[in-house]
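Novice: Provided below for reference: sequence and predicted model.
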Amino acid sequence: MAIRLLFSLALLLPALSGAQSTQLRVPATVDTLPNGLTLIVHEDHSVPRVVTNVWFRVGSGDEKPGRTGFAHLFEHLMFMGSENAPYPAFDKMLESAGAANNGSTTEDRTNYYEVGPSNSLPLMLWLEADRMGWMLPTMDSAKVDAQRDIVKNERRQSYENQPYGMAVDILAPALYPKDHPYSWPVIGSMADLSAASLEDVKNFFRQYYAPNNAAIVVTGAVNTDSVRRLVRQYFSAIPRGPAISRPTPRPFTVRDTAIVAEDRVQLPRIYLAWHTADANHKDSAPLDMLSYLLSGARNSRLTNTLVYQREIATSVNAFNDAKRLDGDFSIVATARPGQGLDSLQVAIDRELNRLATEGPTTRELDQAKNARESSFLNQLEFIQAKADQLNQYAYFQGTPDYFQKELDALRAVTADDIKRVINTYLKGPRVMLSIVPTERRDLAATRRIVQ
C-alpha cells in the first residue's frame, strides 16, 4: 500500500538542454495547530479534484528490536474503523462520494491518503480526524488478531514464498548493525508480530499517532482559508501526544561480507549493497544520477554490457535508497541460464572501475540529467504525487519548499562527482548476496573486493 511543499504550481519549463534560470515554484502555506498538527495547503485548480495526504512520522525505523512490524501493522489497523465511523464505514462513505483511499509504510513514515472530487474534502478530513482522535477506544484483540494474521500472510506471500524474497531479510541486518533502526525489514519479523499484545499496540498508537507527530497536506481545487477552518474544526479537539525522542544512530562501518542462500528459483541472482549517505547529504544527487548511468536506460553501462552485449544477465538494476537517517546503494543482477554469478560480479566490478577512473561521457551524463529532470517534473502533473512530495520535503528537509533545490542538485552533478561517489562508497566494503537454485551453490559469486 504506499513522498515530497507548500506552494500553487507555477511551472515555466526551460529547454532541458540549456536555460536553467526559470524557478520552479509550487506555492503552499504551512500552519501549526495548538495541538502540534502541521497543515500544508497547496492550491491547484487545474482539475476539480482534491488530495489529503497524512503523514504520521513513524516508520519501521522508530521501532525497537523485538517489537518490529508495528508501523506496518498500524497501517492496516487504521482502516478498521473508529468511534463515529465504525468498520467498514470509512471505505463505504468515501466510495459513495467518488473518492478512493490507501496507505503505505516505509522505514521513516506511514502515510494515508484520499483522492476524489473537491467537494469530498470535508468528508475526507472528518474521517481522518475521527481515526486520529477516536480510534483507540474501538481497538480490541479481535481487530488486532485479524490484521496481524493478514500481515503475516502478506509476509509469507511477499517474502517467504516469493522467489528471491528472502533477500529483504538477509540484506538489512548484513548492511546495518543490529541496533540500527534500518537493520530489520519494514514488515517486521514473524516472531515479533506474533508476540505483539493489544496493550503493545495501544501504546504504540498513543506514542506516535498524535497530532504533534502528524502532518496533513491538502492539495487540489481548494480554498486555503476554507481548508484551515475545516482542519481546525475537526482536529483541534484531539490532544497533543507525548514528546518523541529519536536518537541518532551511532556511526558504523560495513564489513565486507559474502552470503550464499539457496531458494526455489531457476536462475541465480546477485545483490551488491553498500552503505552510503542520507537524503540530506550532498552526495545523494550524484548517487541518484549514478543509478541511472548504471541501469536507467537500455544503453546504460551495466544494462548494455551485461544484458545486450555479453548476454550474461536477463536483467540488472541499480538503486540509490537515501532515507532520512541513512542510505544505501545496491546493484541487483539476474543471470541468464547457464551462467554463474562470478561472471556477473566480475563484469559489474569492471564497469564500476572504468566509471570511477574515466567518469561518464558528456553524452551519458546529459542523458541521465535529462531523464531524471523529466521524471522529476512529470510527477508534478499529478496532485497525489505532489502532495506526497510536499510531505516528504517537510519532514526530511524541514521545509516543503524544496522542489527547486532538489532540481538544482540534480542539474549540478558533474562527471567528477560520479567518479568521487564511486570511489568514496562503492570501492569500500560491501555486502554480496548470491541467491542460487537449491543445491547449486557452485553458481554463487566468490568473495572479491573492488580494487
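Specialist: Sure, I can see it. Numbering: from 1, shown residues only.
Novice: ok, and the closest non-adjacent residue to the residue nearest the centre of the chain?
Specialist: Computing the C-alpha centroid of the chain and ranking residues by C-alpha atoms, centre = their mean puts residue 106 first, at 5.4 Å. Here the nearest residue to residue 106 in space, its sequence neighbours aside, is residue 59; by C-beta to C-beta, 6 or more residues apart in numbering that works out to 5.1 Å. C-beta coordinates here come from the backbone N, C-alpha and C atoms, glycine included.
Novice: quick check: pLDDT value at the one you found.
Specialist: Here the pLDDT value assigned to residue 59 is 97.
Novice: try residue 14
Specialist: With respect to pLDDT, residue 14 scores 40.
Novice: before we move on, the earlier item: quick check, the residue nearest to the centre of the chain in contact with residue 56.
Specialist: No: if you go by C-beta atoms under 8 Å, residue 106 and residue 56 don't touch, sitting 11.4 Å apart.
Novice: what secondary structure does the closest residue to residue 304 other than its chain neighbours sit in?
Specialist: Among residues not flanking residue 304 along the chain, residue 298 sits closest, at 6.9 Å (C-beta to C-beta, 6+ apart). Under DSSP: H, G, I helix; E, B strand; the rest coil, residue 298 falls in the coil class.
Novice: can you give me the distance of residue 298 to residue 315?
Specialist: 12 Å (C-beta to C-beta, to the nearest Å).
Novice: what mean pLDDT does stretch 408-425 get?
Specialist: If you average the pLDDT values across stretch 408-425, you get 98.
Novice: oh sorry, the question was meant for stretch 136-156
Specialist: For stretch 136-156, the per-residue pLDDT averages 95.
Novice: is it true that the residue nearest to residue 304 touches residue 309?
Specialist: No: judged on C-beta under 8 Å, residue 298 makes no contact with residue 309 at a distance of 11.3 Å.
Novice: helix or strand right after the helix or strand hosting residue 291?
Specialist: Assigned by DSSP states H and E, residue 291 belongs to helix 284-295. Towards the C-terminus, the helix or strand next in line after helix 284-295, according to DSSP H and E, is helix 301-302.
Novice: who does that following helix touch, helix- and strand-wise?
Specialist: Judged by 3 or more C-beta pairs under 8 Å, 6 or more residues apart in numbering; DSSP states H and E, the packing partners of helix 301-302 are helix 284-295, helix 341-358.
Novice: rerun that using 6 Å as the cut-off
Specialist: helix 284-295 (3 or more C-beta pairs under 6 Å, 6 or more residues apart in numbering; DSSP states H and E).
Novice: and the helix it packs on, what does it pack onto?
Specialist: helix 301-302, strand 313-322, helix 362-378, helix 415-421.
Novice: and what about residue 54, helix, strand or coil?
Specialist: With three-state DSSP as the criterion, residue 54 reads strand.
Novice: list the contacts of it.
Specialist: For residue 54, the contact set (C-beta atoms under 6 Å, 6 or more residues apart in numbering) comprises 112, 128, 216.
Novice: how far away is it from residue 245?
Specialist: Counting by C-beta to C-beta, the gap from residue 54 to residue 245 is 22 Å.
Novice: returning to what we had before: of residue 298 and residue 315, who's got more company?
Specialist: Taking other C-beta atoms under 10 Å, residue 298 and residue 315 do not tie; residue 315 has more neighbours (15 against 9).
Novice: might you report the residue contacts of the more buried one?
Specialist: Here residue 315 is in contact with residue 334 (C-beta under 6 Å, 6+ apart).
Novice: so how far is residue 325 from the residue nearest to the centre of the chain?
Specialist: From residue 106 across to residue 325, the span is 12 Å (C-beta to C-beta).
Novice: repeat for residue 377
Specialist: Taking C-beta to C-beta, one finds residue 377 at 28 Å from residue 325.
Novice: do the same with residue 420
Specialist: Residue 420 is 23 Å from residue 325, by C-beta to C-beta.
Novice: what of residue 80?
Specialist: Counting by C-beta to C-beta, the gap from residue 80 to residue 325 is 30 Å.
Novice: the more surrounded of the two?
Specialist: The neighbour comparison of residue 80 against residue 325 (other C-beta under 10 Å) goes to residue 80, with 20 against 17.
Novice: the more buried one against residue 143, yeah?
Specialist: Yes: contact criterion C-beta atoms under 6 Å: residue 80 and residue 143 qualify, at 4.9 Å.
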